[in-house]
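A.B. asks: Got a predicted model here, sequence first, then my questions.
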Amino acid sequence: MSTAGNSGTGLEATMLRVLIPVVMALVVGGLILWVLGKDPLDYYGYVLQRSLLRWGGAQETLTRMAPLLLIAAGLIVAFRAGIWNLGGDGQFLLAAVVTAALAPALGAVLPRGPTLVCCLIAGSVVGALWSLIPALLKARYGINEIITTLMMSFLGTSLANVLIKLVLRDPDTTVPQTRSLAVDDRLPRLFGTTIHCGLVLAILAVIWVHWMMTQTAFGLKLQVLGANRAAAVHAGFKVERLTIFAFALSAGLIGLAGAVEVLGVWGSVRADWNPALGLLVVPLVFLARFNGYAVIGFTLFFSALMVGGESAARRVGVPQHYVLVLVALLLLFLALVEYLGQSRRKRSAA
Amino acid sequence: MNALFTEPFLVSLLFGAVTAGLPLLLAGLGEQISEKAGVLNIGLEGMMLAGAYTGFLATYHTGSFWLGFLAGGAGGMSAALIVLLLCIRKGLNQIVIGIAITVGSEGLTSLLHFVQFSRSYPRLAAAPVLALPVLSQIPVLGKGLFSHNPLVYLGVILVGALTWMFRSTYLGLSLEAAGNEPAALDAAGVDVVRTRSFAVLCTGFLAGLGGAYMANVGAGLFVPFMTGGAGVIGIVLAMLARGRPLWVLIGATLFGTSLAMTTALQVAGIDVPTDVVQMLPFVVVMLVLVIFARHSMLPPALGLPYVRGER
């Protein structure tokens, strides 16, 4: 699979390359449902109606996109730079917990605007800091970051719980959780909808990341690093510094996702809360071939499936985890279609 | 702190450590075989989960634990077959396909569990136990370490067998060559694709076996997402062990003990947040990495498909 995104094979070909796998995944997924005695058309129709056609569902779908997009932005930076940051869950949760603890405290002394800005920054910094050890180990000693980020992720998830239970706990609640941020103090909503402005931030972040990685000298340096580390060293890049910076930017964006989710939707973090979005977004980023614009489309698709799938679980009797089957099928078919395209090109070249 | 040294606490800690550690050991050893041969198996978690489901299903319907283990191994192998066909034969990206296997396996087993068992949540009878003669009579250690399902002892024997295989058999050397210098192996007349295919099927079998043990012996039932990151720890163990089976065993013991500590502390009635205990093995491993930071030793051809005649 090419790592450098779409390389000008024409919009039509790109659309086909995405549409064919989507249709195939929906058909094969439908067959699985049919074998299990469910009506696939009924299910798909219900999901579509609940997640996109109804205004309430559509708002929910768009709201869910915000953290997914920010995580995707963070992963695109890392993956394009050849860094497998798989520790998103720990970075996300720690940032969420620190933000949740900071927001009510800061809100008592500062007005709403500065409080929110400070909290968003704090979330990103926490996320970035949590990637520092894997970054240093990778940059200095070349230690595989898949191991270190995964371990830091487990560690961060537990540490977030310890913080909630022992340090940041709201004494007035029976279930361990942080103090709740008043609804009026959360991220402002957009034009009388229930969608918070974190979505705008997230879309801007993805577009900025895409632009930075493909159009700026700095982004291109990172891509060279990702494509061939030895070439980056040979070209005289400061590889250590680039590696650490790519890690920090990636984890910082994922931390920002945690902050946005807390400030925009939940207002507090309960112990043992872990939406595990960090690893869920990885397939979406691969599906989009590390392309920022494509990731917006796939995130919308996935978010709609999640929202629709949850109500379908109650109504149609298909558990929401069926969505995971669709994502897996989509990954398989996308990889296959790409493979077939490549071998056809090779054959016509030969 | 006297409660820490009572017999029930120590027995439950040792017994739990073995029960929690065995799936990690099997999955870690499996991953090690693949990594040696140059295949990065990110789908390990999915293979374990597939094995947990098929293993549970077989034991539930037949009542036989051995058939359950076999079926678990077969379930893991069927997931590994996807890696074999798409990554090893066709050279598709191992990380993408690995994630697809994990995500798909999570979704599919949840779906099947929902259709078949969501109303009844059936449990299995207690798994058979083989108390080793003499050894099981030792106080504390006997009940904790030497009165387990026979698969536990087989798992430990496997560590020795793999060490021998890697070091002194033709097959072991072929596997290592497939990861280090696939072109040289090819030149020596050994089929790289076939060697790697064998490795991946072994991984699938062992991961599935670990999953089946988790469901049938550890829990006595199947629940969606029940492997809960065991496959991820398995990958970590294999990478840290740098090709030595004994280190997978040591790592699995460390992580298994910390997982078991949670339950054991509850037995002893000590109120420590379980999360603190859960953090310990990761802290230890990270500290070891930071202090003894050396260049990691992974096979140079790890994750790269082999195409004859291409450089």
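C.D. replies: Alright, I've got the coordinates.
A.B. asks: now chain A, which segments are flagged as low pLDDT?
C.D. replies: Applying pLDDT under 70 to chain A flags the ranges A:1-10, A:350.
A.B. asks: Distance of the residue sitting nearest the centre point of it relative to residue B:200?
C.D. replies: In chain A, the residue lying closest to the centroid (CA atoms, centre = their mean) is residue A:71, at 2.9 Å. Distance, residue A:71 to residue B:200, by CB to CB, to the nearest Å: 30 Å. Placement of C-beta: from N, CA and C, glycine included.
A.B. asks: The residue nearest to the centre of chain A contacts residue A:255, doesn't it?
C.D. replies: No - Residue A:71 is not in contact with residue A:255 according to CB atoms under 8 Å; the separation is 9.8 Å.
A.B. asks: so what's in contact with these two at the same time?
C.D. replies: With contacts taken as CB atoms under 8 Å, 6 or more residues apart in numbering or on different chains, residue A:71 and residue A:255 have residue A:92 as neighbours in common.
A.B. asks: just to revisit the earlier point, surely the residue nearest to the centre of chain A is within a helix?
C.D. replies: Yes - the assignment for residue A:71 is a helix, going by DSSP: H, G, I helix; E, B strand; the rest coil.
A.B. asks: In contact with it: list those residues for me.
C.D. replies: Residues near residue A:71 by CB under 8 Å, 6+ apart: A:88, A:92, A:253, A:254, A:257, A:277, A:278, A:281.
A.B. asks: one more time with 10 Å
C.D. replies: Residue A:71 is in contact with A:88-89, A:91-92, A:202, A:250, A:253-258, A:261, A:277-282, A:284-285, A:295, A:299, counting by CB atoms under 10 Å, 6 or more residues apart in numbering or on different chains.
A.B. asks: Which of these fall in helices?
C.D. replies: Residues of these located in helices (DSSP state H): A:88-89, A:91-92, A:202, A:250, A:253-258, A:261, A:277-282, A:284-285, A:295, A:299.
A.B. asks: buried set for stretch A:337-350?
C.D. replies: For stretch A:337-350, the neighbour count (16 or more other CB atoms under 10 Å in any protein chain shown) marks A:337, A:338, A:339 as buried.
A.B. asks: which one of the residues you listed is nearest chain B?
C.D. replies: Within the set of the buried residues of stretch A:337-350, residue A:339 lies nearest chain B; the separation is 5.7 Å, counting by CB to the nearest CB.
A.B. asks: now that closest one: how far from residue B:97?
C.D. replies: Counting by CB to CB, the gap from residue A:339 to residue B:97 is 11 Å.
A.B. asks: nearest residue to residue A:333 other than its sequence neighbours?
C.D. replies: Once flanking residues are discounted, residue A:333 sits nearest to residue A:21: 3.7 Å by CB to CB, 6 or more residues apart in numbering or on different chains.
A.B. asks: List the contacts of that neighbour.
C.D. replies: Counted by CB under 10 Å, 6+ apart, residue A:21 has contacts A:287, A:329, A:330, A:331, A:332, A:333, A:334, A:335, A:336, A:337, A:338.
A.B. asks: now residue A:274
C.D. replies: A:89, A:90, A:92, A:93, A:96, A:157, A:160, A:161.
A.B. asks: Quick check: it is in a helix.
C.D. replies: No - applying three-state DSSP, one finds residue A:274 to be coil, outside a helix.
A.B. asks: max-length helix in chain A?
C.D. replies: Ranked by number of residues, the top helix in chain A under DSSP H is helix A:322-349.
A.B. asks: what's the burial count for residue A:61?
C.D. replies: Per other CB atoms under 10 Å in any protein chain shown, the neighbour tally for residue A:61 reads 24.
A.B. asks: How about the secondary structure of it?
C.D. replies: Applying three-state DSSP to residue A:61 yields a three-state assignment of helix.
A.B. asks: what about it, distance to residue A:51?
C.D. replies: Using CB to CB, residue A:61 is found at 5 Å from residue A:51.
A.B. asks: same deal with residue A:321?
C.D. replies: 16 Å.
A.B. asks: Which of these two has more residues huddled nearby?
C.D. replies: Higher neighbour count among residue A:321 and residue A:51: residue A:51, with 25 against 20, using other CB under 10 Å.
A.B. asks: quick one, what contacts the more buried one?
C.D. replies: By CB under 10 Å, 6+ apart, the neighbours of residue A:51 are A:57-58, A:60-61, A:64, A:300-301, A:303-312.
A.B. asks: Disregarding residues adjacent in the polypeptide, which is nearest to it?
C.D. replies: The shortest distance from residue A:51 to any non-neighbouring residue, by CB to CB, 6+ apart, is to residue A:308 (3.5 Å).
A.B. asks: What helix or strand is that neighbour located in?
C.D. replies: helix A:292-315 (DSSP states H and E).
A.B. asks: Most neighbours out of the contacts of residue A:21, which is it?
C.D. replies: The most crowded member of the contacts of residue A:21, judged by other CB under 10 Å, is residue A:330 (28 neighbours).
A.B. asks: Check the gap between that one and residue A:238 for me.
C.D. replies: When distance is defined by CB to CB, residue A:330 is 38 Å away from residue A:238.
A.B. asks: And residue B:113, by the same measure?
C.D. replies: In terms of CB to CB, residue B:113 sits 51 Å off from residue A:238.
A.B. asks: Compare those two and say which is more crowded by neighbours.
C.D. replies: The neighbour comparison of residue B:113 against residue A:238 (other CB under 10 Å) goes to residue B:113, with 22 against 13.
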